[in-house]
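1. Pasting the sequence and the predicted coordinates here, then a few questions.
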Amino acid sequence: MTTVDRPQTELELELCGKLADVAGAFVTIAVPDDGCSIAELFALVGQRHPTLAGLTGNGRVRACVNEAVVAPEARVMPGDEVALFPPVSGG
Amino acid sequence: MSIEVTLATQAFDPAKLLGTLTRELAGEGAVVSFTGHARDRAKDGALVDALVLESYRGVTLASMKEIAADAMARFDVTRCRVVHRAGRIAPGEAIVFVATVSAHRRAAFEAADYLMDRLKTEAVFWKREEGPLGRRWIEPRESDHEDARRWHL
């Protein structure tokens, strides 16, 4: 089953840094009720918000779930607190 | 042995921080500090009105603490002090302050250098310059990543 065939729930994503300039501070994405991988989430973001597709598809954006940066294989569930991080830069 | 890490939302005084550290020395012979200040011009010479650093909830402070803990574990230092601003920073104001204390100078120099290399490339901030021509996001340069790789991370 692909992500679109499964029952879905809206998930709000916070966009950080330059991503917010592209699509606003928050975007809402429909994710399967039983969750999806971060890689699938990025694909869904790109479909729903084509202006973000180039940024989320280049491997440089990372996902933060419940205040922890996670790998592309990690799962995200409805109700999770999710943010997308472009490359960071302190100092 | 102590680590103190602060995410500052207001301007801070690096000289005062350094003064506190030196007053509190417990027999160590070396204190090294570095302060990074906001420039009034971008790399291409364009005027900069302000540097804006965005952070994200508890993740930003956690990233700073992890870097400081790694420095303490890696080098023979007794104290690490890290302060990093977030928010809108005027040219001339301090962005970041790191200070390290050790018995002899080498460990303190290296730990401060290491702290800055990792803060530049791994601390969870997003940085943009704002000026008359608009806003521009700043990401680490390749030279910043090269600096960080010196520590075989």
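-> Alright, I've got the coordinates. Residues are numbered from 1 along each chain as shown, chains lettered A, B, ... in the order given.
2. so, in contact with chain A or not, stretch B:66-80?
-> No. Shown here: stretch B:66-80 not in contact with chain A (Cβ under 8 Å from any Cβ of the partner chain), separated by at least 9.0 Å. For glycine as for every other residue, the C-beta is placed from the backbone atoms N, C-alpha and C.
3. residue contacts, residue A:83?
-> By Cβ atoms under 8 Å, 6 or more residues apart in numbering or on different chains, residue A:83 lies in contact with A:13, A:14, A:15, A:16, A:63, A:64, B:56.
4. which ones among those are found in strands?
-> Counted as lying in strands by DSSP state E, out of the contacts of residue A:83, are A:13, A:14, A:15, A:63, A:64.
5. Near chain B, list only the ones from those residues.
-> Answer for the ones in strands among the contacts of residue A:83 near chain B (Cβ under 8 Å from any Cβ): A:14, A:64.
6. elements contacting the lowest-mean-pLDDT helix or strand in chain A?
-> For chain A, counting by mean pLDDT, DSSP states H and E, helix A:50-56 ranks last in confidence among helices and strands (a mean of 88). Secondary-structure packing of helix A:50-56 (3 or more Cβ pairs under 8 Å, 6 or more residues apart in numbering or on different chains; DSSP states H and E): helix A:18-23, helix A:38-48.
7. tell me which residues in it are buried?
-> Neighbour-count burial for helix A:50-56 flags A:52, A:55, A:56 (criterion: 16 or more other Cβ atoms under 10 Å in any protein chain shown).
8. count of residues packed around the closest residue to residue A:32 other than its chain neighbours?
-> With Cβ to Cβ, 6 or more residues apart in numbering or on different chains as the criterion, residue A:32 has its nearest non-adjacent residue at 3.9 Å, and that residue is residue A:6. Close neighbours of residue A:6, defined as other Cβ atoms under 10 Å in any protein chain shown, add up to 13.
9. Spatially central residue in chain B, please.
-> Geometric centre of chain B, nearest residue: residue B:96, 3.8 Å, by Cα atoms, centre = their mean.
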